[in-house]
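A.B. asks: After the sequence you'll find the predicted model.
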Amino acid sequence: MADRRNSLPFEPRRSAEGSKAQSKSKRSASQSGSSQPIPKSVANRMARRVAIATGIPSIMGMGVFVGSYFLVSRQIMDVPPGITLLASGGFFLLGLGGLSYGVLSASWEQNAGTLLGLEHIKPNIQRMRESIRAQKQT
């Protein structure tokens with residue numbers, strides 16, 4: 001693998017020139033106020049994944065209330081309020097997990113990747129940790 005890939009916007013910058021280049025990049029980063037923006041195609045991928053991964057469980061969480069009301073009001077079944085609360089809370093927590101999944105499973109590469117994006121989660125978590133470490137050092 002002789003050719004190097006371009007670093008992603010949130011990855012920490014590494015320079016071979018030493019501390020002089022690091023101080024220059026620190027100054028330019030502090031002058032700009034923020035790092036590079038997320039590319040539009042990546043942001044669209046993230047938004048699509050987040051909408052699906054949080055939207056479906058959230059709708060199901062609201063559906064538990066509607067279904068429970070329907071069952072109790074028609075006297076089809078006596079559903080305890082605790083069961084309704086636990087089921088809807090579980091779906092809302094699943095939606096919260098879907099938020100993280102949607103962001104971390106999106107591919108930052110040019111091509112979109114697979115449908116579920118499971119292969120992108122580990123590298124994205126690693127990049128996120130490196131970025132956090134770099135921000136703590138500055």
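C.D. replies: That came in fine, so what should we check first? Numbering: from 1, shown residues only.
A.B. asks: Work out for me the element the residue most central in space within the chain sits within.
C.D. replies: For the chain, the residue nearest the mean C-alpha position is residue 103 (2.0 Å; CA atoms, centre = their mean). Residue 103 belongs to helix 81-104 when assigned by DSSP states H and E.
A.B. asks: Now tell me what touches that helix from outside.
C.D. replies: The contact list for helix 81-104 (CB atoms under 8 Å, 6 or more residues apart in numbering) reads 46, 49-58, 60-62, 64-65, 68, 120-121, 124-125, 128. C-beta: built from backbone N, CA, C; applies to glycine.
A.B. asks: now with 6 Å?
C.D. replies: Contacts to helix 81-104, defined as CB atoms under 6 Å, 6 or more residues apart in numbering, come from residues 46, 49-50, 53-54, 57-58, 60-61, 64-65, 68, 121, 124.
A.B. asks: And the furthest pair within the residues you listed?
C.D. replies: Spatially, the most separated pair among the contacts of helix 81-104 is 68 and 124, at 37.3 Å (CB to CB).
A.B. asks: list the buried ones in stretch 130-138?
C.D. replies: 131, 134 (16 or more other CB atoms under 10 Å).
A.B. asks: Tell me the secondary structure at the residue lying farthest from the centre of the chain.
C.D. replies: Most distant residue from the mean C-alpha position of the chain: residue 75, 41.9 Å away (CA atoms, centre = their mean). Using DSSP: H, G, I helix; E, B strand; the rest coil, the structure places residue 75 in coil.
A.B. asks: about what we covered before: distance of the residue nearest to the centre of the chain from residue 85?
C.D. replies: Distance check for residue 103 against residue 85: by CB to CB, to the nearest Å, it reads 28 Å.
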